[in-house]
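A.B. asks: Turn this into a structure:
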Amino acid sequence: MENQTEIKWYQKPVGVIILLIFFFPVGLYLMWKNELWTKQTRWIVTGVLALMVIANAGNDKKSSSNSGVESIEGTKTCLVGFDWVYPSSSNPTGAWKFSSDGTFNSSTTMFGGMSTWGNWQVISPGKVKISYTRSSEGIIPDDQILTMSSCSSLKVGSTVYSKD
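C.D. replies: As a prediction, the model looks like this:
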């Protein structure tokens, strides 16, 4: 009988492609070691993989430093447990506080002062629905949607509150 060397699955083009997709360092090594394709093709594949790694690393850095409100959970994390003040923490005329149990309270010193209480829920990334249940004036305001463009900015109507 002839001595035939059987090619292993990871030495065949299909096996290398699978490894390039799911476990690229090994696939890349095997692609170069087994010389399955021309040198130009191997360099192109290597370059594309390198660009993908660099782009992914850039996305990781961007997502860790971004505003945080791109998801419902991120919006909740940015919102809860902080004092939201207007115009500044040194001299606030309005403030909001959101609790993790889905309740809030707000107060303002403008127009003689007023406080409100109610419930909140994040309805989409950066969007918070407010349902008032009580006010110091006895008048319950209509529900409204607050907007967060970043983890440090809360827009109530046309007024922008900042995190204290």
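A.B. asks: And the residue lying closest to residue 119 once chain neighbours are set aside, how far from residue 123?
C.D. replies: Nearest residue to residue 119 in three dimensions, chain neighbours excluded: residue 131, at 4.8 Å (CB to CB, 6 or more residues apart in numbering). Bear in mind the C-beta positions are built from the backbone N, C-alpha and C, glycine included. Here residue 131 is placed at a distance of 11 Å from residue 123 (CB to CB, to the nearest Å).
A.B. asks: Distance from the chain centre to the lowest-mean-pLDDT helix or strand in the chain, please.
C.D. replies: Of all helical and strand segments in the chain, the minimum by mean pLDDT, DSSP states H and E falls on helix 39-65, at a mean of 75. Taking CA atoms, centre = their mean, to the nearest Å, one finds helix 39-65 lying 21 Å from the centre of the chain it belongs to.
A.B. asks: just stretch 68-83 next, same as before
C.D. replies: The answer for stretch 68-83 is 10 Å, by CA atoms, centre = their mean.
A.B. asks: can you pull the buried residues of that stretch?
C.D. replies: Across stretch 68-83, burial judged by 16 or more other CB atoms under 10 Å covers 68, 69, 74, 75, 76, 78, 79, 80, 82.
A.B. asks: Nearest to residue 146 among these?
C.D. replies: residue 79 (8.8 Å; CB to CB).
A.B. asks: for stretch 135-148, how far is the first residue from the last?
C.D. replies: 24 Å (CA to CA, to the nearest Å).
A.B. asks: Would you mark the buried spots in that stretch?
C.D. replies: Neighbour-count burial for stretch 135-148, counted by 16+ other CB under 10 Å, picks out 146, 148.
A.B. asks: which residues touch it?
C.D. replies: 67, 69, 75, 78-79, 113-117, 123, 126-134, 154-157 (CB atoms under 8 Å, 6 or more residues apart in numbering).
A.B. asks: Only the buried subset of these, as a PyMOL command please.
C.D. replies: Written as a PyMOL command, the selection of buried residues from the contacts of stretch 135-148, which uses 16+ other CB under 10 Å, is:
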select buried, resi 67+69+75+78+79+114+116+126+128+130+132+154+156
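A.B. asks: Number of residues surrounding residue 42?
C.D. replies: By the criterion of other CB atoms under 10 Å, residue 42 has 15 neighbours.
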